[in-house]
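Colleague: task: produce atomic coordinates for the following.
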Amino acid sequence: MSKKDSEFQVKFMSFLFRGKEIFKPLNTGFIDERVSCIREYVANIYFYTKDGQTIMIDAGYNYDRLAEKMQWLDISPKDIKDILITHQDTDHVGAIEKGSNELFKEATIYIGRIENEYLEGKRTRKVFWGLHKLPKVQIDNKKVLIDDGQVFYIGNIKIEAILVPGHTWGHLVYLIDDAYLFTGDTIWFGADGGYAFLNNLAEDRKLQVKSLKRLEEIIRGKNLKLKIITGHTGWTDDIDFTFAHIDEICNSLRRKPKVRDPKAPYDGFDESEDTKENARNDFLEKC
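Modeller: Below is the predicted model:
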């Protein structure tokens, strides 16, 4: 299903969200010396490098140009031994799904214990207010199951997992080295700050808001200087911007964002400005 799901999403999602300023992915490039990203249509996957070791955060679509764009960043697929998965939607696991190009078939994946229930068929992923069931995702990679609040290390990289159910039942965000928070599909950045992620893709919208409020309490309580990095709408180092509207879910069907965002592309699936030259040119701007 990986390839078919990816192809379907490109056509359907482009049609559904065109002109609504919903998806604002980063182009391929570097956020800083440690974090780089690749744009796959409307989604970003990320790489974190420390002491010569690189881990991957989420695995994107089953995307034909992934290996090519990794070369732009001087990263080889064979060097990726560990992949953190925020949740199991195909735009976050496509490159490791059964039927993919198998670029990372030897990598170990880290996924939430609750989220893994989708992979085992104990839960069914539902979207569009529970009206549409998505097919079961199949992944053959070795798995390490992660619990809420668990702290673990990959080499010298410290990782803390925080459970934020709502978008999916077992969605995790990852706090890396107390300096970077990778949020997957938990937070959506508009021009005026962060909201809970898209309403039509949530398992439970009220729970999503509740989880974000808990996440804000945890993050503010740590009093850290963070770069907060989303799956579809870029990054920021402003914690007040991040949690500005988390009691409200981005309504992706009824309206455009409340505040006009000049940075938002008309169609997030247009990758014409995502080039090798631009990827190597400068650091990627924050929201």
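
Colleague: low-confidence ranges, this structure, go.
Modeller: 1-2, 254-257 (pLDDT under 70).

Colleague: ok, which stretches of it are helices?
Modeller: 2-17, 66-72, 90-93, 116-119, 205-222, 239-242, 276-279 (DSSP state H).

Colleague: mind checking which of those helices is nearest G184?
Modeller: G184 lies closest, by C-beta to C-beta, to one member of those: helix 90-93, at 6.6 Å. Yep, even glycine has a C-beta here, placed from its N, CA and C like the rest.

Colleague: in that closest one, which residues are buried?
Modeller: Across helix 90-93, burial judged by 16 or more other C-beta atoms under 10 Å covers T90, D91, H92, V93.

Colleague: Throw the helices of the chain into TSV and include distance to T168, thanks.
Modeller: As requested, the helices of the chain are exported to TSV (distance: least, C-beta to C-beta, whole Å):
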stretch	distance to T168
helix 2-17	16
helix 66-72	23
helix 90-93	10
helix 116-119	7
helix 205-222	10
helix 239-242	20
helix 276-279	30
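
Colleague: out of the ones you listed, which comes closest to E285?
Modeller: helix 276-279 (11.9 Å).

Colleague: who does the closest one touch, helix- and strand-wise?
Modeller: In terms of contacts (3 or more C-beta pairs under 8 Å, 6 or more residues apart in numbering; DSSP states H and E), helix 276-279 is packed against strand 29-30, helix 66-72.

Colleague: CA atoms only: put it into PDB for me.
Modeller: Presented in PDB, the C-alpha positions along helix 276-279 are these (Å, rounded to 0.1, in the frame of the first residue of the first chain):
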ATOM      1  CA  LYS A 276      20.000  21.200  -4.600                       C
ATOM      2  CA  GLU A 277      21.400  24.700  -4.900                       C
ATOM      3  CA  ASN A 278      18.900  26.100  -2.400                       C
ATOM      4  CA  ALA A 279      19.400  23.200   0.000                       C
END
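
Colleague: now stretch 31-40, how far from the centre of its chain.
Modeller: In terms of C-alpha atoms, centre = their mean, to the nearest Å, the centre of stretch 31-40 is found 12 Å from the chain centre.

Colleague: buried deepest among the helices of the chain, which one?
Modeller: helix 90-93 (a mean of 26; mean count of other C-beta atoms under 10 Å).

Colleague: what's next to stretch 120-138, contact-wise?
Modeller: 1, 5, 88-90, 93, 97-99, 117-119, 168-169, 200-203 (C-beta atoms under 8 Å, 6 or more residues apart in numbering).

Colleague: of the buried residues of helix 90-93, closest to I229?
Modeller: Using C-beta to C-beta, the buried residues of helix 90-93 come closest to I229 at H92, 13.5 Å.

Colleague: in the buried residues of helix 90-93, find the pair that's most separated.
Modeller: Every pair of these checked by C-beta to C-beta; the farthest is D91 and V93, at 8.2 Å.

Colleague: spatially nearest residue to K142 (excluding sequence neighbours)?
Modeller: Excluding its sequence neighbours, the residue lying closest to K142 (C-beta to C-beta, 6 or more residues apart in numbering) is T108, at 4.7 Å.
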